[in-house]
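*Asks:* with the input below, show me the fold.
(chains A, B, C and D)
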Number of protein chains: 2
Amino acid sequence: MQDFTRSAGGSAPLLEAALRQFAAVGFDGASLQRIADEAGMSKSSVLYHFGSKESLLDAALRPAVDDLRPLLAALGGIADEGSQRAFLERFVDYLYEHRLAVAVLINHGQALAGHAVIDEADALVRDLSTRLTPAGSHDRDTVRFGVALAGAAFVLVAADRWSAAPLPPVEVRAVLVDVLGELVLAQPAPSA
Amino acid sequence: MQDFTRSAGGSAPLLEAALRQFAAVGFDGASLQRIADEAGMSKSSVLYHFGSKESLLDAALRPAVDDLRPLLAALGGIADEGSQRAFLERFVDYLYEHRLAVAVLINHGQALAGHAVIDEADALVRDLSTRLTPAGSHDRDTVRFGVALAGAAFVLVAADRWSAAPLPPVEVRAVLVDVLGELVLAQPAPSA
DNA sequence: TGAAGTCCTGCACGATCGGTCAGCCTACTG
DNA sequence: CAGTAGGCTGACCGATCGTGCAGGACTTCA
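*Replies:* Take a look at the predicted model:
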């Protein structure tokens, strides 16, 4: 029995091209032809490596999903403010490293529900959400979490879409750490 | 000379179906056939009303773009904290009313650059961005604006994607007003 | 009654979609 | 040298894409 979906050999540029396309125009909107062109190979080669478009999506998102798991594990015992900030920095770095995959999950995830990778990732994010807004959390915390995650995901992909000059990634990272801290940690008691 | 693109007659459900599809799977991913099915008509009827897929996108996004202009005008003289909050409430209401169109602009705008409506909307958002982060604004403010806008847009479309129970829109609105205020108005001086 | 106009549809088109398959080329193994 | 396995490709398939077009159903007006 040969392996059903050939594991990625020298197909890294293919995965990057696929991620770019999926993030830009969505899974349905992306075509294997364009992905192949962008990676400098033929459409047949793409299907040779991954067997199907859905397998390509799985392979492209897999690293982001797998890297999210240890992050959740590290969230176990966080009490003092120092370890909170350390976790935030690690989380922002994760979002940056996998920004294209995260953008696909956030922006196109709802339309892709049912695909194995998407459901898996959604479960992890749901877990992250309930961990960051624990106990008898208010809807307020859930909304703030959503704004933080989707906002960060957007900025990391289109940081300077409406700015005059490109934004330096280092500064974006610092600001995001601050903003996420404000949004999901140590919120001041609501006025009401 | 007959009108080139017939103006929308009783085609409101068509525009709603189109917006839903565009927001869900993007412009390229959405098919006229599915939009037509969802609106209960034939694909030919869609093209009868709007002439082309691109014209349909234009018609679907037009109200959101047009309603954004008076909002920008109202941003002219805002000084005291009261009018700031009033503007924020009006802005959140705008985002909610046009949440599907806003989602299309935020999530798929980059891929749709070149289309007239998109460029027009982008110019308006750029204007909004520079007005809210005025004078010698830091990159910091631009990032915070991006997080606020994209985060709000996401929550208004997928508020309860990772929450156990659906979130009441009234409460989402209140929280968003608070959050947007924290992110784009009266930011405390950065620690550095 | 018939001409005109509006709304809608089925059919047909070329292009492109995801996917299958036979076969070419290179490299390694005996 | 022959054999074989892996990487890659073009030709091709049926389905679906956006679009053009002719015409049917219904209303309005002369």
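*Asks:* where's A:Pro13 relative to A:Gly29, distance?
*Replies:* Distance of A:Pro13 to A:Gly29, given as CB to CB, to the nearest Å: 21 Å. Using the backbone N, CA and C atoms, a C-beta is placed for each residue, glycine as well.
*Asks:* which one of these two is surrounded by more residues?
*Replies:* Ranked by neighbour count (other CB atoms under 10 Å in any protein chain shown), A:Pro13 and A:Gly29 place A:Gly29 first, with 19 against 12.
*Asks:* tell me, how many residues neighbour the nearest residue to the more buried one once chain neighbours are set aside?
*Replies:* Using CB to CB, 6 or more residues apart in numbering or on different chains and skipping the chain neighbours, the partner closest in space to A:Gly29 is B:Asp28 (3.1 Å). B:Asp28 has 20 neighbours, counted by other CB under 10 Å.
*Asks:* hang on, B:Asp28 packs against A:Gly26?
*Replies:* Yes. Contact criterion CB atoms under 8 Å: B:Asp28 and A:Gly26 qualify, at 7.0 Å.
*Asks:* if I look at the residue nearest to A:Gly29, how far off is DNA strand C?
*Replies:* 9 Å (CB to the nearest atom of the strand, to the nearest Å).
*Asks:* the helix or strand bottoming out on mean pLDDT in chain A: what's the following helix or strand?
*Replies:* Using mean pLDDT, DSSP states H and E, helix A:81-97 stands out as the lowest-scoring helix or strand of chain A, at a mean of 93. Counting by DSSP states H and E, the element after helix A:81-97 in chain order, helix or strand, is helix A:99-108.
*Asks:* that following helix - what's its average pLDDT?
*Replies:* Here helix A:99-108 scores 98 as its mean pLDDT.
*Asks:* got the angle between the helix or strand that that helix is followed by and helix A:99-108?
*Replies:* With elements assigned by DSSP H and E, the helix or strand that comes after helix A:99-108 is helix A:116-132. Helix A:116-132 and helix A:99-108 meet at an angle of 90 degrees, taking axes from the mean of the first three to the mean of the last three CA atoms, to 10 degrees as the criterion.
*Asks:* just checking, what packs against the next helix or strand after helix A:116-132?
*Replies:* Sequence-wise, the next helix or strand downstream of helix A:116-132 (DSSP H and E) is helix A:139-158. Contact analysis of helix A:139-158 by 3 or more CB pairs under 8 Å, 6 or more residues apart in numbering or on different chains; DSSP states H and E lists helix A:81-97, helix A:99-108, helix A:116-132, helix A:169-184, helix B:139-158, helix B:169-184 as its packing neighbours.
*Asks:* quick one: A:Ile78 from A:Phe87, how far?
*Replies:* Distance from A:Ile78 to A:Phe87, by CB to CB: 6 Å.
*Asks:* which stretches of chain A have low pLDDT?
*Replies:* Chain A contains residues with pLDDT under 70 at A:1-10, A:77, A:79, A:134-137, A:186-192.
*Asks:* now do 90
*Replies:* A:1-13, A:75-84, A:131-139, A:159-160, A:163-165, A:185-192 (pLDDT under 90).
*Asks:* for it, which residue is closest to the average position?
*Replies:* A:Val102 (1.7 Å; CA atoms, centre = their mean).
*Asks:* how about the contacts made by the nearest residue to that residue once chain neighbours are set aside?
*Replies:* In this structure, A:Val102 finds its nearest non-sequential neighbour in A:Ala153, 4.8 Å apart by CB to CB, 6+ apart. By CB atoms under 8 Å, 6 or more residues apart in numbering or on different chains, A:Ala153 lies in contact with A:95, A:99, A:102-103, A:105-107, B:150.
*Asks:* and those near DNA strand C, which?
*Replies:* Among the contacts of A:Ala153, not one lies near DNA strand C by CB under 7 Å from any atom of the strand.
*Asks:* from those residues, keep the buried residues only.
*Replies:* A:95, A:99, A:102-103, A:105-107, B:150 (16 or more other CB atoms under 10 Å in any protein chain shown).
*Asks:* list the contacts of whichever helix or strand A:Val25 is part of.
*Replies:* Taking DSSP H and E as the definition, one finds A:Val25 inside helix A:12-29. Applying CB under 8 Å, 6+ apart, the external contacts of helix A:12-29 come out as A:8, A:30-31, A:34-36, A:38-41, A:45-46, A:49, A:53, A:56-57, A:59-60, A:100-101, A:103-104, A:107-108, A:111-112, A:157, B:25-30, B:108, B:110-111.
*Asks:* tell me the angle it makes with helix B:12-29.
*Replies:* Here helix A:12-29 runs at an angle of 170 degrees relative to helix B:12-29 (the same axes, to 10 degrees).
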